[in-house]
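Colleague: okay, sequence plus prediction incoming.
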Amino acid sequence: MAKQAAWCAVVLFGLGCATSETSGRAAGGSTALGGAGRTVDASTGGVTVTAGGAGPTNSAGIADAGATNVAGSSVAGLGGTGEMEPPAEPGDASFHDVVPSASTLGLYDMLKVTFGSSLPFTNPFDQDDIEAALVAIAADGSSVVMPAFFKSGSSGSATWEAHFTPQKLGHYKLRAQITRAGNSVKSDQFTLEVAPSALDGFLHLSPTSAYDLVFDSGKRFRGVGENYGWETDKYKFADMLPRLRQNNVTFIRTWEGPGRYLLQQGQPLSHFDETVASKLDQVMQLARDNGIYVMSTLEPAIYYLTTPNGGDVTVQWSANAFSTAQGGPCAKTADFFTNPEAKRHYKNKLRYAVARWGADPHLAVWEFWNEYDHLVEQLQVPTADIAAWHQEMGQYLRKIDPYGRIITTSLSHNDYADLWSLPEMQFSQRHLYGSTESLAGTIATYESKYQKPFVSGEFSLDWKWPQMHPASEYGRELHFGLWRGMFAPTPILPMTWWWDFHADNNQYFHFAHASTFAQKTTEGAGPLEPQAVSASNGIEVLALKSPSGRFVWVHNKTAGNLSGSVTLTDLPSVAFTVRALDTWRGGWSEPTTLKPSDGSAQLVLPSLAGDADLAYWLAAP
């Protein structure tokens, strides 16, 4: 289904917290920290590193790191052992004004480092020309190499920026690094102390369950939310994300697209639009501020089709920066997946995205494509070529993104085994439009077939404009899609497409009530698994279990009032505390106690109106 788009490419501001140095700093002044040229700004807590004297340069014009003057000795005890560290290798003279946003930081908080360089380049966005990075070495000797991105300036006088989020406690040694023509030079070393925090870090697939994700901290997570594909004139990111948070939304899917958020709109492939990137910084700042995690869709297929989407001539292949019509290397869409130069440019884009936004834990998922099966159906692009492209780019992204972020892609209505069998695709994804009656079964089938979680990145009653049906019917399918998804093996509940339509019709309360229940399913260590359950005639019932309790959803499938019961089996002999949640109005019932007999227990339902539903939480002692 062709839909116009927009990315939330994603990504962020440095969250570095400025703290004061404790080693002899005079109030309002600065103190030498390990030799000439390194000072601490007492007003901001930032460390400024100035490289030593100039040395000879090699044939590539890069200063020889071995010929700089020697940095001073380190401060005793910085490594956490109480012993004096040996002097660090001196930095290269080509670096200047190396400024971290903090010298101490909480675990999973984000450090921002800017640094100047006098090295020449032709194109700062081309990693084959010049490649900047931040190297961080933890106390246990493990290291992280985080790509950096060009911030401002020109050849010979440029400012670069890197972001780093520590995943380990204790002492880090860091250096900026630049590589040209196979030769690498590093700045003077600076240090970072990482203390415990209340943050949870990055999201990963659960090793034990397809029903949830797991943070670095070990906390379990189930995403509840919707698509917010792009900003509209009525619904701005600055207004919409706080509104979503008010309704307990924890997850959104958003696109790179049209105009306002395209990094290469009107740009050659060799460059990225700093103005657009700054807008995306703001989007990710809003996501962090509102506790929302993001799946970023990088390539909407509509930009690769040969007909303009919705009559918009800027949304088609001839306007695509990869097309020969725009100076790109590809005569036709199919070439994009096999052309070496196209792949090289795309890897530059991925590296820029990782550098600019990859250190943000709120960027949860990289989604390569939205509905690429349209390219197969309309343009006959070979599925094997597309699968091979996904494997290559997935491996590359895994190599340069040090945080192990989840990677996927999406299809509209097809199922390609050559894609979903790839280990680089960490969950399968299809868009499920129409009635949600069989949604839970579809999700379970995909999970069983490919042995990985499934996510419905889009769903709704209809993929056509919502005025095809009454608003109440769209609201009903939104409701039942969330609750049927709640009990299916998916870590992110199905995400409706028509975000503005549901906002116009005040239907966001469905997210709030579903999220209230989803949070209960993630309590404790898990795993979340299917629970054996049966119900009397006319009742649709779904159930899950975890060590912390049982979870049940019932739906009166008839048109009239109906009373009935639900029977749970294979239960432990403990007294469960039972509460019912009104899924339409919210609010829990008063608790009652349910004690199984011979591993079985029965829930007697109240009279349910036609098409009504109810959810139960049975908390284990």
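Modeller: Okay, I see it.
Colleague: only C-alpha atoms from now on, for both contacts and neighbour counts.
Modeller: Noted.
Colleague: the top strand by length along the chain packs against which elements?
Modeller: Among the elements of the chain assigned as strand by DSSP state E, the one spanning the most residues is strand 170-180. Packed against strand 170-180 by the contact rule (3 or more C-alpha pairs under 8 Å, 6 or more residues apart in numbering; DSSP states H and E) you find strand 131-138, strand 183-186, strand 190-195.
Colleague: compare those strands and give me the one nearest residue 144.
Modeller: Set against residue 144 and scored by C-alpha to C-alpha, those come closest in strand 131-138, at 5.2 Å.
Colleague: and the angle for that closest one with strand 190-195?
Modeller: Between the axis of strand 131-138 and that of strand 190-195 there is an angle of 50 degrees, by axes from the mean of the first three to the mean of the last three C-alpha atoms, to 10 degrees.
Colleague: okay, now the closest residue to residue 552 other than its chain neighbours: neighbour count?
Modeller: Closest residue to residue 552 in three dimensions, ignoring its sequence neighbours and counting by C-alpha to C-alpha, 6 or more residues apart in numbering: residue 543, at 4.4 Å. Burial of residue 543 is recorded as 21 neighbouring residues (other C-alpha atoms under 10 Å).
Colleague: list the helices and strands the helix or strand that contains residue 286 packs on?
Modeller: With secondary structure defined by DSSP states H and E, residue 286 is part of helix 274-289. Taking 3+ C-alpha pairs under 8 Å, 6+ apart as the contact definition, the neighbouring helices and strands of helix 274-289 are helix 237-246.
Colleague: please redo it, this time with the cut-off set to 10 Å
Modeller: The elements that helix 274-289 packs onto, with contact taken as 3 or more C-alpha pairs under 10 Å, 6 or more residues apart in numbering; DSSP states H and E, are strand 149-154, helix 237-246, strand 293-300, helix 340-357, strand 363-370.
Colleague: buried ones in that helix?
Modeller: 276-288 (16 or more other C-alpha atoms under 10 Å).
Colleague: between it and strand 149-154, how many degrees?
Modeller: Using the same axes, to 10 degrees, the direction of helix 274-289 lies 140 degrees away from that of strand 149-154.
Colleague: show me how far helix 274-289 is from its chain's centre.
Modeller: Distance of helix 274-289 from the chain centroid (C-alpha atoms, centre = their mean, to the nearest Å) equals 14 Å.
Colleague: how about stretch 434-444?
Modeller: In this view, stretch 434-444 has its centroid 25 Å away from the chain centroid, taken as C-alpha atoms, centre = their mean.
Colleague: buried sites along it?
Modeller: When burial is assessed from 16+ other C-alpha under 10 Å, stretch 434-444 yields the following buried residues: 435-436, 439-440, 442-444.
Colleague: what residues does it touch?
Modeller: Contacts of stretch 434-444 with the rest of the structure, by C-alpha atoms under 10 Å, 6 or more residues apart in numbering, involve 210, 428-430, 432-433, 445, 447-448, 453-456, 459-463, 474, 476-490, 494, 542.
Colleague: one more time with 7 Å, if that's ok
Modeller: Around stretch 434-444, the neighbours that count as contacts under C-alpha atoms under 7 Å, 6 or more residues apart in numbering are 454, 460-462, 477, 480-481, 484-485, 488-489.
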